[in-house]
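S.K.: Sequence and predicted structure are below.
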Amino acid sequence: MKGEPLLKVDHLTMRFGNLVAVNDLSLTVNEGDITALIGPNGAGKTTAFNCITGFYKPVEGRIALRHGDGDLDAMSNEATEQSQAVFEKGDGKLFLLERMPDFKISAHAHVARTFQNIRLFTGMTVLENLIVAQHNPLMLASNFTFGGLLGLPGYKRAASAAIEKAKFWLEKIRLTGRADDPAGDLPYGDQRRLEIARAMCTDPVLLCLDEPAAGLNPRESLELNALLRAIRDDHGTSVLLIEHDMSVVMQVSDHVVVLEYGIKIADGTPAEIKNDEKVIAAYLGVEDEEVGAAEMEARK
């Protein structure tokens, strides 16, 4: 149900030796929302992402993701007491992501992500990049290649469905005409959208985007905004994004969380965050008192 918590990060801490990259971070991503995680360089945003998606295992904290119905807090408490990574109750299923390897977070918990640097298969065609994202269901349908080699009906149906899904996303990002071109030949902005479409081909319940607007021109940023809104509104997919482009953050986000030196300093709507003195101070690199003094001076 839209508005209900889908992901809850509780007291997340990640250290590298004596460096505390993320310190006691708690945040919630609601179902059907776009949540932005922002902050100055070195604030710990990508480290938090890497913990959520399983690339890092946090020193402390709980990362709970819900599928279906059920009270996320109650289910995560029961799962913790029983030392389970995956807990089922009624029509709901809960995943404790900090206990799962990264490939299971992607394949079973259906959390997809993109990276700061584009990671397309540049030698494959645009269409092939979208089909290869559906590798897991295709392998299951083929009984791990046996059914595919024999051309069994179940595999043929799965392969046809994978192509149709790829064609759908090609049309969504307006790249149908370049389906057979190498992905590496696309302009930068098209590659960004293709990477997001490839992630969506895995049918995620949570899409994590690491600086999707990086390097985009104003027209490409508007196209990105439209794609993110469509992912939220038309598909009901929740989005968690890291972004430095504040125009993108303010235009598409339902909820914004701000980090500074690994600590959460603000949490609210875009309008609330835009006027928060702690946030202004963090981005300007000054103390809160200096922000207040500057505002007083501007009003004179």
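M.R.: Cool, the structure landed.
S.K.: Name the residues that touch stretch 177-185?
M.R.: 120-129, 167, 170, 186, 190-191, 194 (CB atoms under 8 Å, 6 or more residues apart in numbering). For glycine as for every other residue, the C-beta is placed from the backbone atoms N, C-alpha and C.
S.K.: can you map out the helices along this protein?
M.R.: 45-52, 72-81, 102-107, 126-132, 135-141, 146-150, 153-172, 188-200, 218-235, 246-252, 270-274, 277-284, 288-299 (DSSP state H).
S.K.: Those: lowest mean pLDDT?
M.R.: Mean pLDDT is lowest for helix 288-299 out of those, coming in at a mean of 49.
S.K.: got the contact list for G68?
M.R.: D91, G92, K93.
S.K.: Put together TSV for the residues you listed, with neighbour count and distance to I34 on each row.
M.R.: Formatted as TSV, the contacts of G68 follow (neighbours: other CB atoms under 10 Å; distance: CB to CB, whole Å):
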residue	neighbour count	distance to I34
D91	9	26
G92	16	23
K93	18	23
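S.K.: Please identify the buried residues of stretch 103-110?
M.R.: For stretch 103-110, the neighbour count (16 or more other CB atoms under 10 Å) marks K104, I105, S106, A109, H110 as buried.
S.K.: now, which of those sits nearest K8?
M.R.: A109 (13.5 Å; CB to CB).
S.K.: Point out the most buried one among the helices of the chain.
M.R.: Comparing the helices of the chain on average neighbours per residue, with mean count of other CB atoms under 10 Å, the densest one is helix 45-52 at a mean of 24.
S.K.: what's the closest non-adjacent residue to G236?
M.R.: Closest residue to G236 apart from its sequence neighbours, by CB to CB, 6 or more residues apart in numbering: G32 at 5.4 Å.
S.K.: What pLDDT is listed against the one you found?
M.R.: 94.
S.K.: per-residue pLDDT, the spatially most central residue of the chain?
M.R.: In the chain, the centroid-proximal residue (CA atoms, centre = their mean) is C208; its distance is 0.8 Å. The score at C208 is 97. That number is its pLDDT.
S.K.: I figured it hits H110, correct?
M.R.: No: in this structure C208 lies outside contact range of H110 using CB atoms under 8 Å: 11.5 Å.
S.K.: shared neighbours of those two, which are they?
M.R.: The contact sets of C208 and H110 do not overlap (CB under 8 Å, 6+ apart).
S.K.: Run a quick neighbour tally on G17.
M.R.: For G17, the number of neighbouring residues by other CB atoms under 10 Å comes to 5.
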